[in-house]
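Enquirer: Provided below for reference: sequence and predicted model.
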Amino acid sequence: MSGKKILIVDDDPEMIELVKTRLEANAYEVVTAADGLEALEKVDKENPDLIILDIKMAKVDGYTTLHRLKDKEKGKSIPVIILTGYDKMKDLFELEGVSDYIVKPFDDQDFLLRVAKALGGTA
């Protein structure tokens, strides 16, 4: 499944680095954004195959970012995994059609399996 491009959207630099390291070690290409506004710009520039999105961020939160993605022609077809510390919003995001919802802290192997699944493959 190598060569797939993943956009990580999180305002926590340590979390971005953690997730980026895990994905790059598994041959994924990674681009990052520190907030929802930057993420929306990068969707147009980078054409990611998957978006990993945090909920609580400055400027534009994950929920608003998800809705704005759905309004963009390029954003409609990109699978989204919510990666957050908030487990109580899982049902809401599943109703919104996200591919998966992962609560921090996460298990590395489970995380990578879910990424592969969201990209349409198997690990």
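Expert: Here it is on my side, so go on. Numbering: from 1, shown residues only.

Enquirer: for the helix or strand of the chain with the lowest mean pLDDT, the distance to its chain's centre please.
Expert: One helix or strand of the chain scores below all others by mean pLDDT, DSSP states H and E: helix 90-95, with a mean of 83. Mean-position distance between helix 90-95 and its chain equals 15 Å (Cα atoms, centre = their mean, to the nearest Å).

Enquirer: which regions of the protein sit below the pLDDT cut-off?
Expert: For the chain, residues meeting the criterion pLDDT under 70 lie at 1-2, 122-123.

Enquirer: which residues touch the residue nearest the centre of the chain?
Expert: Here the mean C-alpha position of the chain is nearest to the C-alpha of residue 52 (Cα atoms, centre = their mean), at a distance of 0.8 Å. By Cβ atoms under 8 Å, 6 or more residues apart in numbering, the residues touching residue 52 are 6, 7, 8, 9, 10, 19, 80, 81, 83, 115. Placement of C-beta: from N, CA and C, glycine included.

Enquirer: Quickly run through the sheet partners of the helix or strand hosting it, with directions.
Expert: In the assignment (DSSP states H and E), residue 52 maps to strand 50-53. Applying DSSP bridges to the sheet, strand 50-53 is found paired with strand 5-9 (parallel), strand 80-84 (parallel).

Enquirer: list the helices and strands the following helix or strand past the first one packs on?
Expert: Right, strand 5-9. With elements assigned by DSSP H and E, the helix or strand that comes after strand 5-9 is helix 13-24. Using 3 or more Cβ pairs under 8 Å, 6 or more residues apart in numbering; DSSP states H and E, the elements in contact with helix 13-24 are strand 5-9, strand 29-33, helix 108-118.

Enquirer: so how far is residue 23 from residue 63?
Expert: Using Cβ to Cβ, to the nearest Å, we find residue 63 at a distance of 23 Å from residue 23.

Enquirer: Just give the nearest non-adjacent residue to residue 20, would you?
Expert: Leaving aside its chain neighbours, residue 20 sits nearest to residue 30 (4.8 Å; criterion: Cβ to Cβ, 6 or more residues apart in numbering).
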